[in-house]
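Colleague: Provided below are the primary sequence and the corresponding predicted coordinates.
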Amino acid sequence: MTTRTNTAIPTHETTAQLAQLLPELAVTLYEAIPHGRAGLLPAGEELTGSQRRAVVYLAHHGSATMSGLAAGLGIGRAAATELVARLVARGIVQREPDESDRRVVRVRLAGQASAYAERLFEHWRKLFAAVYSRHPAVDPDGLVAFLRALIAEFRDRPTT
């Protein structure tokens, strides 16, 4: 049995496949979100990409300060403030004072958005579990680390 090492350099073909598959994965992941009555918004309404990222971030972290949300999404504080204002107006998030420092504002998912996020994560967990069961050689934590590093590499390096 051949063991691959981290020193393996992706071939041109592998690079081309990853470049095609990663955006396709993002679209497919969005399409796998339960919509309609099971969703967060009335039929016909959708979240923007930034709004979806904020919902997923808050679902994962529970709540965040405005600075924490901005850092977690990789956006400026002003952009995070505008994003939260739009989500508050739609009833998706709520602002509340921090329990330990009333000067700090935290944001968290509002009522039905929290339940929606729980359903969404359970849906995704089942899909991921099904695929991992068919590919036991794939280390889930290693895959997450690889994707985080890949994203960081793309963000930190200008295109030529």
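Modeller: Cool, the structure landed.

Colleague: residue boundaries of the helices in this structure?
Modeller: Along the chain, counting by DSSP state H, helices occupy 12-31, 49-61, 66-73, 77-89, 111-134, 140-156.

Colleague: what count of nearby residues applies to the residue nearest to A79 when sequence neighbours are not counted?
Modeller: On the basis of Cβ to Cβ, 6 or more residues apart in numbering, the spatially nearest residue to A79 that is not a chain neighbour turns out to be A70, at 7.0 Å. No exception for glycine: its C-beta is placed from N, CA and C like everyone else's. Applying other Cβ atoms under 10 Å, we find 19 residues neighbouring A70.

Colleague: in a markdown table, list the helices of the chain along with mean pLDDT and distance to R102.
Modeller: Listed next are the helices of the chain as a markdown table, based on pLDDT from 0 to 100; distance: least, Cβ to Cβ, whole Å:
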| stretch | mean pLDDT | distance to R102 |
| --- | --- | --- |
| helix 12-31 | 83 | 37 |
| helix 49-61 | 87 | 21 |
| helix 66-73 | 93 | 15 |
| helix 77-89 | 94 | 18 |
| helix 111-134 | 86 | 23 |
| helix 140-156 | 86 | 34 |
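
Colleague: of those helices, which is nearest V104?
Modeller: Ranking these by their distance to V104 (criterion: Cβ to Cβ) puts helix 66-73 first, at 8.5 Å.

Colleague: contacts for the closest one?
Modeller: Helix 66-73 is contacted by residues 50, 53-54, 57-58, 61, 64, 76-77, 79-81, 83-84, 105, 107 when judged by Cβ atoms under 8 Å, 6 or more residues apart in numbering.
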